[in-house]
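K.L.:
Compute the structure for the input listed below.
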Amino acid sequence: MSQQSKYWTARALKGRGWTEALQKELLPRPQYRRSSRGGSIRLWKKSDVLAAEQSPRFQALASIGKCPAEPPALPQRESGAGQLALHMAGDFLDAIWTETPKPEGPDALLGEQYHRAVMQLLPGTEWAVRLGPGKSMGRIDNFLTLSAQKRCDHYARLIKNFVTAMPWLGENLDSPYGEKLKRLYVPILLSVARQELETFAGAQPEAKVDALLTMTDFPCQELLNRGLGYIYSVYYVPQAIRTSLDTLAALNPKDEYPEARAMRRHFVLHIGGTNTGKTYAGFQQLIRAETGVYLAPLRLLALEAQERLLADGVACSLTTGEEEDRRPGDTHVAATAEKLELDAVYDVAVIDECQMIADRERGYAWTRAILGVRAPEIHLCAAPEAKSILLRIIQSCGDSYEVVEHKRRTPLLCMTRTMDYTTVQPGDALITFSKVGVLSVAEDLRRRGKEPAIIYGALPYATRRKQVEGFLSGQMEYVVSTDAIGMGLNLPIRRIIFMETEKSDGHERRELKPEEIQQIAGRAGRYGMYEKGYVGAVENLALIRSALEAVVPPIQTAVVGFSDLVTAVDFDLLEVLEVWNRMPTVQPYVKLDITRYITVISRIREAGFQLTKQQELRAANIPFDETDDTLNQLFFRFLRTWSREEPLQPPALPEKQSAYTLPELELYCRELDLYFSFAKAFDCDVDRDWLYAEREQVADEINQILLYNLKNNIRFCAKCGAALPLHHRGRLCSACYGRSHAYDRRRR
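P.N.:
Residues are numbered from 1 along each chain as shown. Next up is the predicted model:
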């Protein structure tokens with residue numbers, strides 16, 4: 001067994017004639033060990049040094065006396081733990097592990113990692129406080145007891161303590177402890193490995209142990225710090241998933257769609273602001289095509305597209321997240337962007353509102369559609385800020401393109417002063433950014449004898465259609481709406497009046513962005529009906545004016561989502577998604593926000609359901625508000641019913657003596673949407689005739705409330721008359737309540 005040191009320091013090499021230049025020229029890069037004084041020490045393996053000293057370069061220097069021809073004697077033990085004794089102990093243990101026969105299998109693989117961990121700890125012991133003989137022998141004794149213990153939860157500490165006794169052992173290799181270690185060192189490490197593997201198998205029964213133990217750069221020190229389970233979760237799983245994803249997923253998202261890449265596609269970019277006719281231009285080509293698809297951001301727009309195509313004699317089906325209308329012998333499909341069928345081939349595709357490609361939650365659907373739709377002619381309708389990013393994506397695909405700029409035919413003018421909204425004129429649209437705001441303004445107008453149409457995001461489509469028809473027919477001369485009016489609703493509006501210039505985006509209340517103001521304001525001045533369009537506000541008109549004049553900066557990134565490739569990776573789906581989310585993307589793509597997927601899948605597992613990866617993804621893709629307790633409970637009721645292989649029962653309104661309120665009917669509509677979406681995702685039978693009839697009936701009831709009974713569905717502040725939030729408690733609004741309390745405090 002070798003009695004020489006395994007490593008040499010820079011100081012030792014200098015004594016052998018090595019200069020800094022020779023070290024860089026002839027030796028591999030050194031290893032670094034932390035010094036007890038806060039610095040680091042360079043170490044070279046003795047074998048590397050001796051081999052380099054046999055080189056012609058080094059021998060030439062030795063022959064002229066610049067280097068010693070023969071290696072000098074090893075340096076004697078220095079202060080501290082004793083370098084020579086420590087290296088002798090390391091060689092001693094290394095020889096034991098190497099020369100002792102071991103059975104093949106995971107025990108030996110893991111045992112070797114424990115041995116590597118011991119050897120890596122040794123250099124640090126050189127700079128530790130030197131233990132006395134008694135304490136050193138005690139720590140070796142504790143290590144030797146591991147062979148007799150069937151279960152030891154503190155073996156890592158005993159192994160670390162054992163290493164601190166190595167300087168003493170190196171000076172006493174002929175002691176009884178040396179003989180015991182020759183017999184027991186390997187069996188102890190194998191025993192520890194066996195226990196750790198049993199614990200790990202209980203926690204991860206499906207893990208591939210051999211692949212784990214032979215992984216590249218196995219972090220053996222973490223065995224003693226955290227254990228095998230930690231290494232599996234933190235090191236092996238991410239590395240293996242990343243390797244699998246790198247193998248399965250292409251480096252560029254465009255390469256995930258080989259069928260589209262094999263086609264010769266031509267894009268027509270229709271670029272322009274709101275109300276410039278860009279969608280109309282693309283739609284005309286769609287009508288003339290033998291087959292086609294129209295993709296929209298909203299169910300409302302998809303439904304309108306279907307109705308327009310049907311009115312022109314084109315057999316068109318509809319597919320959205322909440323409903324489906326398949327027509328026999330259809331040639332065209334109108335759909336929301338997420339519902340594009342990539343395996344279908346069309347003559348013409350029209351993708352609307354392509355500036356949505358930058359949306360962190362839904363933008364992936366536009367990226368997927370542009371990269372993957374299989375059509376030789378594709379029309380992209382987008383705001384000006386999306387032009388550069390769309391061209392960059394098209395060029396990366398190698399497809400041809402042309403750009404058509406669309407300009408407004410009616411000028412859009414900003415009013416010179418703020419206005420009182422009660423002085424509205426026929427053709428005006430009042431914009432507020434909450435449902436309560438819409439309802440309260442609408443009721444205020446009605447009390448003044450002015451009948452408005454009402455539009456907001458949560459309004460069922462059938463009801464919204466009835467309200468729009470009332471405005472188009474002249475039954476209602478005004479519109480009160482949220483920003484839902486800004487995307488796709490082509491109404492004969494003369495003036496857009498902003499009731500407020502702030503909105504809540506789900507995280508905070510903030511000022512409107514220029515692109516949001518331009519999108520909404522552009523609805524004013526319908527071509528062919530008005531010579532000019534006007535934009536005004538009841539407050540902060542300067543913000544509106546500056547936004548209309550602002551140049552919106554170009555979109556820099558496109559959102560990309562994960563593909564079905566994630567289900568092919570042989571690991572837990574949540575772990576795969578988290579690793580995918582951390583992997584870098586090529587420019588100009590950024591990752592989809594997967595928060596909702598993580599939330600829904602985690603809740604499914606917490607509830608005890610055991611689904612396949614594909615089923616978990618299908619469930620997470622169902623469009624419903626998972627933050628609403630009622631919808632969340634209904635979702636899990638459907639999931640339990642499906643898992644028992646029982647027929648899915650539709651939701652129903654609770655029986656009550658009084659009439660249903662507006663919030664109750666709107667919630668019921670969302671429950672019906674969830675019922676259809678779940679049934680579609682999990683192939684459950686649905687009575688579609690009943691479902692459509694029920695939706696239409698509820699829409700009629702909501703429309704009646706909006707027309708005739710709105711004030712009975714809104715509570716107003718007893719002091720100022722302002723509308724109260726739908727679930728507000730108390731008789732006063734927050735502002736009046738605060739003022740009354742401040743007055744009471746002053747009186748005291």
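K.L.:
Where does pLDDT dip in the stretch 151-300 of the chain?
P.N.:
151-152, 206, 241-242, 244, 246-251 (pLDDT under 70).
K.L.:
which strands and helices sit next to the longest helix seen in the chain?
P.N.:
Counting by DSSP state H, the longest helix found in the chain is helix 176-203. Counting contacts by 3 or more C-beta pairs under 8 Å, 6 or more residues apart in numbering; DSSP states H and E, helix 176-203 packs against helix 83-99, helix 106-125, helix 133-144, helix 155-164, helix 166-171, helix 209-213, helix 228-231. In this view, the C-beta of every residue, glycine as well, is placed from N, C-alpha and C.
K.L.:
what's the angle from the fourth one to helix 133-144?
P.N.:
Using axes from the mean of the first three to the mean of the last three C-alpha atoms, to 10 degrees, one finds that helix 155-164 and helix 133-144 are set 140 degrees apart in direction.
K.L.:
Report the angle between helix 155-164 and helix 176-203.
P.N.:
Using the same axes, to 10 degrees: helix 155-164 against helix 176-203 is 150 degrees.
K.L.:
Can you report how many residues lie near R33?
P.N.:
Counted with other C-beta atoms under 10 Å, the neighbours of R33 add up to 17.
K.L.:
distance of it from Q120?
P.N.:
10 Å (C-beta to C-beta, to the nearest Å).
K.L.:
same deal with D700?
P.N.:
76 Å.
K.L.:
Measure how buried P411 is and give me the count.
P.N.:
There are 10 residues near P411, going by other C-beta under 10 Å.
K.L.:
Which residue is the nearest non-sequential neighbour of it?
P.N.:
Of all residues not flanking P411 in the chain, K532 sits nearest, at 5.4 Å (C-beta to C-beta, 6 or more residues apart in numbering).
K.L.:
Would you check that the one you found makes contact with G525?
P.N.:
Yes. Assessed by C-beta atoms under 8 Å, K532 is found in contact with G525 at 5.7 Å.
K.L.:
quick one: common contacting residues for those two?
P.N.:
Residues within reach of K532 and of G525 at once, by C-beta atoms under 8 Å, 6 or more residues apart in numbering, are T410, P411, L412.
K.L.:
Can you check my assumption that the first one lies in a strand?
P.N.:
No. Secondary structure assignment places T410 outside any strand; it is coil (DSSP: H, G, I helix; E, B strand; the rest coil).
K.L.:
Tell me how many other residues surround it.
P.N.:
T410 - counted by other C-beta under 10 Å - has 17 other residues nearby.
K.L.:
can you tell me how far it sits from G533?
P.N.:
T410 is 6 Å from G533, by C-beta to C-beta.
K.L.:
Likewise for W690?
P.N.:
For W690, the distance to G533 - C-beta to C-beta - is 44 Å.
K.L.:
just to revisit the earlier point, can the shared contacts of K532 and G525 go into TSV with extra columns for pLDDT and distance to I604?
P.N.:
Converted to TSV, the shared contacts of K532 and G525 look like this (pLDDT from 0 to 100; distance: C-beta to C-beta, whole Å):
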residue	pLDDT	distance to I604
T410	87	51
P411	89	54
L412	90	48
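K.L.:
Could you point out which of those is nearest to T585?
P.N.:
L412 (37.7 Å; C-beta to C-beta).
K.L.:
got the contact list for the closest residue to the closest one other than its chain neighbours?
P.N.:
Spatial nearest neighbour of L412, chain neighbours left out: G533 (4.7 Å); criterion: C-beta to C-beta, 6+ apart. Applying C-beta under 8 Å, 6+ apart, we find G533 in contact with 275, 410-413, 493-496, 521-522, 524-526.
K.L.:
Which of those residues has the largest number of neighbours?
P.N.:
I496 (28 neighbours).
K.L.:
so how far is whichever helix or strand that one is part of from its chain's centroid?
P.N.:
Element membership for I496, per DSSP states H and E: strand 495-498. Computed by C-alpha atoms, centre = their mean, to the nearest Å, the chain-centroid distance of strand 495-498 equals 37 Å.
K.L.:
State the mean pLDDT of it.
P.N.:
Averaged across strand 495-498, pLDDT comes to 94.
K.L.:
Would you mind pulling the contact partners of that strand?
P.N.:
415, 419, 421, 424-425, 427-431, 512, 517, 520-521, 523-524, 533-538, 544.
K.L.:
export that strand as CSV, just CAs?
P.N.:
The C-alpha coordinates for strand 495-498 follow below in CSV (Å, rounded to 0.1, in the frame of the first residue of the first chain):
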residue,chain,number,x,y,z
ARG,A,495,-68.3,58.8,-29.8
ILE,A,496,-66.3,56.7,-27.2
ILE,A,497,-66.5,58.3,-23.7
PHE,A,498,-64.1,57.0,-21.1
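K.L.:
quick one: strands adjacent to that strand?
P.N.:
Next to strand 495-498 in the sheet, as set by DSSP bridges, lie strand 428-431 (parallel), strand 533-537 (parallel).
K.L.:
okay, the ones you listed, which one's buried deepest?
P.N.:
Among the strands paired with strand 495-498, strand 428-431 has the highest mean neighbour count (mean count of other C-beta atoms under 10 Å), at a mean of 25.
K.L.:
hey, C-alpha coordinates of the helix or strand just after that strand in CSV?
P.N.:
The helix or strand immediately downstream of strand 428-431 is helix 435-447, counting by DSSP H and E. The C-alpha coordinates for helix 435-447 follow below in CSV (Å, rounded to 0.1, in the frame of the first residue of the first chain):
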residue,chain,number,x,y,z
LYS,A,435,-69.3,45.0,-14.2
VAL,A,436,-70.6,47.0,-11.3
GLY,A,437,-69.6,50.2,-13.0
VAL,A,438,-71.4,49.2,-16.2
LEU,A,439,-74.6,48.3,-14.4
SER,A,440,-74.6,51.4,-12.2
VAL,A,441,-74.0,53.8,-15.1
ALA,A,442,-76.7,52.0,-17.2
GLU,A,443,-79.3,52.3,-14.3
ASP,A,444,-78.4,56.0,-13.8
LEU,A,445,-79.1,56.6,-17.5
ARG,A,446,-82.4,54.8,-17.3
ARG,A,447,-83.5,56.9,-14.4
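K.L.:
avg pLDDT for helix 435-447?
P.N.:
84.
K.L.:
which residues touch stretch 166-182?
P.N.:
Outside stretch 166-182, the residues touching it (C-beta under 8 Å, 6+ apart) are 81-82, 84-90, 92-93, 96, 122, 125-126, 130-131, 133, 136-137, 140, 144.
K.L.:
give me that answer again for 6 Å
P.N.:
Stretch 166-182 has contacts (C-beta atoms under 6 Å, 6 or more residues apart in numbering) with 81-82, 85-86, 88-89, 92, 96, 125, 133, 136, 140, 144.
K.L.:
Equivalent analysis for stretch 220-228, please.
P.N.:
Q113, R116, A117, A156, K160, E196, F200, I231.
K.L.:
got it, and stretch 644-660?
P.N.:
With C-beta under 6 Å, 6+ apart as the criterion, stretch 644-660 contacts T641, Y668, E671, Y675, A679, C684.
K.L.:
Of these, which belong to helices?
P.N.:
Those of the contacts of stretch 644-660 lying in helices (DSSP H): T641, Y668, E671, Y675, A679.
K.L.:
Before I go, just wanted to say thanks for your time.
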